[in-house]
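[1] I would like the atomic coordinates for the input below:
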Amino acid sequence: MDPMIFDDAIMEVVRIFPWVAVVKPELLDLPVVAWRGETLRVLEPPSANRGELLEAILRRRYRKPFIGESAQERTLYFSLDNIQSRMRLDDPWALDLSYTRKVMSFLLFQATPRRILMVGLGGGSLAKYCYRHLPRARVDAVERDDDVIALRDYFFIPRASRRLAVIAADGARYVANSRQRYDVVICDAFESDGIAASVGQEAFYKNVCSTLNAGGILVANLAGPTEDRRRHLAMMTRVFSDDVLLVPVEGEGNEIVLAFKQAVQETSWPSIHERARALQGTLGLDFPRFASRLERSRKLGYARRTLAALSTTLAPRQGPAIPSAPDCAS
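    Model (predicted):
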């Protein structure tokens, strides 16, 4: 049987009969946080003190990922201030958070990617969506946190197949050492206090650029402190020779960056808008709006203006040293 058909069948069974799921680690339910309307669930032994665990979470001292669950949604948290992923229980394949839908705007420029790399797995929303809706693509998702990977079955991430792999590794080192080339790289790597330190060096973005095929695209989700986001935007702008588009995500505080190995020509926008209408018809996402926002970002030079508004020099964030590829030429 085709693995995609098999996984579709499993997902439908799980949706209708939630108890018929693959074997997954047991979670410890904490007292309900009434003001949030959800039960918090943690990867801890049954003997653990639930009150102490809840207090650690409420005081932002708990350092493992955990799940919040309501009747409608299941959320992956790194802290109560940091939603990493959210899944609708009535439609586990859907992209529930706005930023994940905007990430898919890479399809406006790469309509039929064959190989996609995701740095950061989270709850797997983007991995599942690409797996289901891009049948010609192979998705490699790299995640360094074993606890995040341990929670994958709670978010119904399909089993490994010829089209999907979850790789337990540090994303920055994987990119530095990989000989595989990708059409799209999606960077969505976070820790409890913001963007992961391991991807906070210019060497990481140089390696990503070298990993991309001709015409390849980096899509990065920026969230957290403004200075940190601007630092990453500045690094991407330098590495990708200013071929960078920046679009804010309304209501979520994120920003999405698209960085192009080869510049988008101004004459391409009419065909991009045409492709947006076609994609909206097949995938149901608001690609026409995505295209309009991206074109406006390009014409206004939003990324350059955002960086020019800074009055201070952005120093690199210290992280583990990684080897760097030479400067990436288009």
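[2] Asp243 and Leu258, how far apart?
    Taking C-beta to C-beta, to the nearest Å as the criterion, Asp243 is separated from Leu258 by 9 Å. Bear in mind the C-beta positions are built from the backbone N, C-alpha and C, glycine included.
[3] So which of the two has more stuff around it?
    Using other C-beta atoms under 10 Å as the criterion, Asp243 and Leu258 rank with Leu258 on top: 27 against 19.
[4] Contact partners for the closest residue to Arg275 other than its chain neighbours?
    Leaving out its chain neighbours, the residue that sits closest to Arg275 by C-beta to C-beta, 6 or more residues apart in numbering is Leu108, at 5.8 Å. Residues in contact with Leu108 (C-beta atoms under 8 Å, 6 or more residues apart in numbering) are Ile272, Arg275, Ala276, Leu279, Phe287, Phe290, Ala291, Leu294.
[5] please redo it, this time with the cut-off set to 7 Å
    Contacts for Leu108 were tallied using C-beta atoms under 7 Å, 6 or more residues apart in numbering; they are Ile272, Arg275, Ala276, Phe287, Phe290, Ala291.
[6] Show me what the mean pLDDT comes to for the helix or strand containing the first one.
    Taking DSSP states H and E as the criterion, Ile272 maps to helix 269-283. Per-residue pLDDT values across helix 269-283 average out to 96.
[7] same question for whichever strand or helix holds Asp228, mean pLDDT?
    Per DSSP H and E, Asp228 falls inside helix 226-239. For helix 226-239, mean pLDDT rounds to 94.
[8] can you give me how far the next helix or strand after that helix is from the chain middle?
    Once helix 226-239 ends, the next helix or strand along the chain (criterion: DSSP H and E) is strand 244-248. How far strand 244-248 lies from its chain's middle: 15 Å, per C-alpha atoms, centre = their mean, to the nearest Å.
[9] Now strand 244-248: average pLDDT?
    Mean pLDDT, computed over strand 244-248, is 95.
[10] again with stretch 77-85
    In this model, stretch 77-85 has an average pLDDT of 91.
[11] which other residues reach stretch 215-234?
    Applying C-beta under 7 Å, 6+ apart, the contact partners of stretch 215-234 are 99, 103, 106, 109-110, 182-188, 194-195, 208, 212, 236, 246, 253-262, 303, 306-307, 310, 314, 317.
[12] Same check on stretch 155-173?
    Residues outside stretch 155-173 that contact it (C-beta under 7 Å, 6+ apart): 3, 7, 11, 14, 74, 76, 85, 87, 92, 119-121, 123-124, 127-128, 131, 138-144, 146, 149, 152, 174, 189, 198-199, 204, 322.
[13] May I have that stretch exported as PDB, CA atoms only?
    Coordinates of each C-alpha in stretch 155-173 appear next as PDB, following Å, rounded to 0.1, in the frame of the first residue of the first chain:
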ATOM      1  CA  PHE A 155       0.600  15.300  17.200                       C
ATOM      2  CA  PHE A 156       0.000  12.400  14.700                       C
ATOM      3  CA  ILE A 157       3.300  12.900  12.800                       C
ATOM      4  CA  PRO A 158       3.400  10.100  10.200                       C
ATOM      5  CA  ARG A 159       5.800   7.300  10.500                       C
ATOM      6  CA  ALA A 160       9.200   7.400   8.700                       C
ATOM      7  CA  SER A 161       8.900   6.600   5.000                       C
ATOM      8  CA  ARG A 162      10.600   7.300   1.700                       C
ATOM      9  CA  ARG A 163       8.900  10.700   1.900                       C
ATOM     10  CA  LEU A 164       9.400  11.700   5.500                       C
ATOM     11  CA  ALA A 165      12.300  11.400   8.000                       C
ATOM     12  CA  VAL A 166      12.600  12.900  11.500                       C
ATOM     13  CA  ILE A 167      16.300  13.200  12.200                       C
ATOM     14  CA  ALA A 168      17.600  13.500  15.800                       C
ATOM     15  CA  ALA A 169      20.400  16.000  15.400                       C
ATOM     16  CA  ASP A 170      21.400  19.600  16.000                       C
ATOM     17  CA  GLY A 171      20.000  21.400  12.900                       C
ATOM     18  CA  ALA A 172      23.000  23.800  12.500                       C
ATOM     19  CA  ARG A 173      25.500  20.900  12.500                       C
END
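[14] one step back: any chance of a PyMOL selection covering the buried ones in the contacts of stretch 155-173?
    Per 16 or more other C-beta atoms under 10 Å, the buried members of those correspond to this PyMOL selection:
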select buried, resi 7+11+14+74+76+85+87+92+119+120+121+123+124+127+128+131+138+139+140+141+142+143+144+149+152+174+189+198+199+204+322
